[in-house]
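K.L.:
Could you work out the structure for the sequence below:
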Amino acid sequence: MSVQQGTEVGYDPYDVGINVDPYPVFRRLRDEAPVDHNEQHDFWAVSRYDDVERGLVDKDTYSNARSDVLEFIKADVEFPPGIFIFEDPPLHTVHRGLMSRVFTPRKMAAIEPQVRAYCVRALDRLVGRDGFDFVADLGAQMPMRVIGMLLGIPEDDQVAIRDHVNSGIATDPGQPIADLSGLSGDVFADYLDWREEHPSDDLMTELLTVELEDETGTVRRLGREEILNYVNIIAGAGNETTTKLIGWAGKVLADHPDQRRELVDDPGLIPNAIEELLRFEPPGPHVARYVPRDVELHGWTIPAGSVLLCLVGSANRDERRWDDPDRFDIHRKAAGHLTFSYGIHYCLGAALARLEGRVALEEILRRFPEWTVVEDDAKLASTSTVRGWESLPVAVSAT
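P.N.:
Coordinates of the predicted model:
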């Protein structure tokens with residue numbers, strides 16, 4: 001699994017045993033094999049904070065133009081126009097700039113009352129029970145509803161849309177992504193047709209009407225395929241990772257009840273707690289890059305044409321960057337974590353993810369200040385692209 005001579009350590013994103021708790025492997029990689037090559041799946045990995053940060057930001061040495069997903073790069077998938085998260089400048093600059101105009105922090109903040117109203121409805125139904133599931137009852141529902149609100153997807157259709165999006169990143173245990181159909185935005189075609197005839201105050205309508213200056217200098221509107229691709233990106237990026245964030249909030253705070261009680265007593269600490277959760281258990285443990293030219297790093301040559309995995313989960317716990325990094329601490333100044341990437345590919349939905357996490361935790365703690373995880377029934381998701389809970393049932397204490 002590893003060609004780092006003289007060591008037995010190596011990272012395999014499809015190894016279910018590693019996925020349960022990758023941090024011991026990450027720690028050994030940082031210390032013993034900061035550049036590692038996985039022979040079986042033929043990719044390289046970097047694990048130290050500085051190397052991961054450089055991999056995310058140095059577009060000339062580590063390209064995003066073939067995607068940031070290991071399987072997609074290995075399959076040499078050709079992406080349609082508008083999938084800006086899988087582009088480098090100048091196309092990325094044009095397409096991301098457009099999305100920045102329709103996906104603003106102001107619009108994200110304006111949706112908070114609707115987000116909270118949904119969260120209140122969902123949690124009020126659970127009051128009086130002896131337990132609930134952090135994922136099934138809230139984590140898998142809330143992000144889907146929020147994205148539906150933003151895009152103008154009818155509530156009755158939102159579950160089917162979420163399931164379609166999630167299927168695009170699901171993997172069988174120990175196996176790479178096999179189905180690339182999730183890249184298509186065709187599932188949104190009927191909604192787009194409807195919005196063309198019935199414009200509203202949502203992102204889909206804005207994408208239909210916004211003008212951009214493309215890479216040729218031409219001022220134009222988006223084509224149909226481009227809009228569908230944009231919508232698919234929004235739906236995909238906003239669903240699964242936020243679901244995992246809410247699930248990790250349930251697990252990590254159950255493991256740290258004293259800190260949970262601090263949050264109950266002082267909800268003003270919740271935004272910083274969300275930041276520490278993002279550092280401590282990032283929903284996306286790694287990001288891939290294509291290496292267009294030979295790279296010399298820590299005495300190793302990563303040859304041109306290779307795939308590099310930037311191990312975000314390892315960087316976020318690098319003791320070269322953080323004091324006592326394996327300790328969860330809601331008072332830590334966690335700014336600088338790489339969970340939302342870095343540089344030109346910094347996640348446009350970061351403000352929305354933080355908002356959803358904060359609102360969810362505020363409303364959960366208001367109703368359920370104490371809980372314990374039902375460990376025998378908890379299930380970690382098997383996908384290799386994100387890491388988190390598929391099911392996290394908890395028992396709650398009477399208040």
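K.L.:
In terms of pLDDT, where does residue 228 sit?
P.N.:
Looking at residue 228, its pLDDT is 87.
K.L.:
In this structure residue 344 contacts residue 59, no?
P.N.:
Yes. Contact status for residue 344 versus residue 59: in contact at 6.9 Å, counting by C-beta atoms under 8 Å. All C-beta spots, glycine's among them, are computed from the backbone N, C-alpha and C.
K.L.:
Can you pull the residues that touch both of the two?
P.N.:
residue 89 (C-beta atoms under 8 Å, 6 or more residues apart in numbering).
K.L.:
so where's the stretch 151-300 of the chain uncertain?
P.N.:
Along the stretch 151-300 of the chain, segments meeting pLDDT under 70 span 159-184, 238.
K.L.:
As a check, name the ranges of all strands in it.
P.N.:
211-213, 219-221, 287-291, 295-297, 300-302 (DSSP state E, counting those that start in this stretch).
K.L.:
Just name the most buried of the ones you listed.
P.N.:
strand 287-291 (a mean of 23; mean count of other C-beta atoms under 10 Å).
K.L.:
chain center to that one: distance?
P.N.:
Distance of strand 287-291 from its chain centroid, counting by C-alpha atoms, centre = their mean, to the nearest Å, is 16 Å.
K.L.:
one step back: quick one: the strands of the stretch 151-300 of the chain as JSON lines, columns for distance to residue 337 too.
P.N.:
Shown next, in JSON lines, are those (distance: least, C-beta to C-beta, whole Å):
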{"stretch": "strand 211-213", "distance to residue 337": "32"}
{"stretch": "strand 219-221", "distance to residue 337": "37"}
{"stretch": "strand 287-291", "distance to residue 337": "13"}
{"stretch": "strand 295-297", "distance to residue 337": "22"}
{"stretch": "strand 300-302", "distance to residue 337": "25"}
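K.L.:
mind listing what's buried in stretch 107-116?
P.N.:
Residues 107-108, 115-116 are the ones in stretch 107-116 that count as buried (16 or more other C-beta atoms under 10 Å).
K.L.:
Can you flag which of those residues belong to helices?
P.N.:
107-108, 115-116 (DSSP state H).
K.L.:
Could you provide the buried residues of stretch 107-116 in TSV, with additional columns for distance to residue 46?
P.N.:
TSV is the format used below for these (distance: C-beta to C-beta, whole Å):
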residue	distance to residue 46
107	35
108	32
115	36
116	40
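K.L.:
Name the nearest residue to residue 56, ignoring sequence neighbours.
P.N.:
In this structure, residue 56 finds its nearest non-sequential neighbour in residue 342, 4.4 Å apart by C-beta to C-beta, 6 or more residues apart in numbering.
K.L.:
contacting residues for that neighbour?
P.N.:
By C-beta under 8 Å, 6+ apart, the neighbours of residue 342 are 53, 56-57.
K.L.:
again with residue 264
P.N.:
365, 369.
K.L.:
Quick one, which of the strands of the stretch 151-300 of the chain gets closest to residue 76.
P.N.:
strand 287-291 (9.7 Å; C-beta to C-beta).
K.L.:
Show me what that closest one is in contact with.
P.N.:
So strand 287-291 is in contact with 43-44, 55-56, 61-70, 72-73, 302-310, 312, 341, going by C-beta under 8 Å, 6+ apart.
K.L.:
cutoff 7 Å now
P.N.:
55-56, 62-70, 73, 302, 304-310, 312, 341 (C-beta atoms under 7 Å, 6 or more residues apart in numbering).
K.L.:
Just list the residues touching the residue positioned nearest the centre of the chain, thanks.
P.N.:
Centroid-nearest residue in the chain, with C-alpha atoms, centre = their mean: residue 241, separated by 3.7 Å. Contacts for residue 241 (C-beta under 7 Å, 6+ apart) come out as 283-284, 353, 386.
K.L.:
do the same with residue 373
P.N.:
251, 254, 392, 394.
K.L.:
I'd assumed residue 393 was in contact with the first one.
P.N.:
It refers to residue 251. No. Counting by C-beta atoms under 7 Å, residue 393 is not a contact partner of residue 251; they are 11.1 Å apart.
K.L.:
re earlier: quick one: the residue nearest to residue 56 from residue 44, how far?
P.N.:
Distance of residue 342 to residue 44, computed by C-beta to C-beta, to the nearest Å: 19 Å.
K.L.:
Kindly report the same for residue 316.
P.N.:
From residue 316 to residue 44 the distance is 19 Å (C-beta to C-beta).
K.L.:
Neighbour count: those two, which is higher?
P.N.:
Ranked by neighbour count (other C-beta atoms under 10 Å), residue 316 and residue 44 place residue 316 first, with 25 against 21.
K.L.:
How about residue 57, nearest residue that isn't a chain neighbour?
P.N.:
residue 343 (3.6 Å).
K.L.:
What's the local residue count around that neighbour?
P.N.:
11.
K.L.:
Relative to residue 53, how far out is it?
P.N.:
Taken as C-beta to C-beta, the span from residue 343 to residue 53 is 9 Å.
K.L.:
which outside residues touch stretch 51-70?
P.N.:
13, 34, 43, 46, 73, 77, 79, 85-89, 287-293, 295, 297, 307-312, 315, 338, 341-345, 385.
K.L.:
In helices, which of those residues appear?
P.N.:
Per DSSP H, the subset of these in helices is 73, 312, 315.
K.L.:
Most neighbours among the residues you listed, which one is it?
P.N.:
Result: residue 315 is most packed of these (other C-beta under 10 Å), 32 neighbours.
K.L.:
wait, what's in contact with it?
P.N.:
48-49, 52-53, 338.
K.L.:
one more time with 8 Å, if that's ok
P.N.:
47-49, 51-53, 321, 338.
K.L.:
out of those, which is most surrounded?
P.N.:
residue 47 (30 neighbours).
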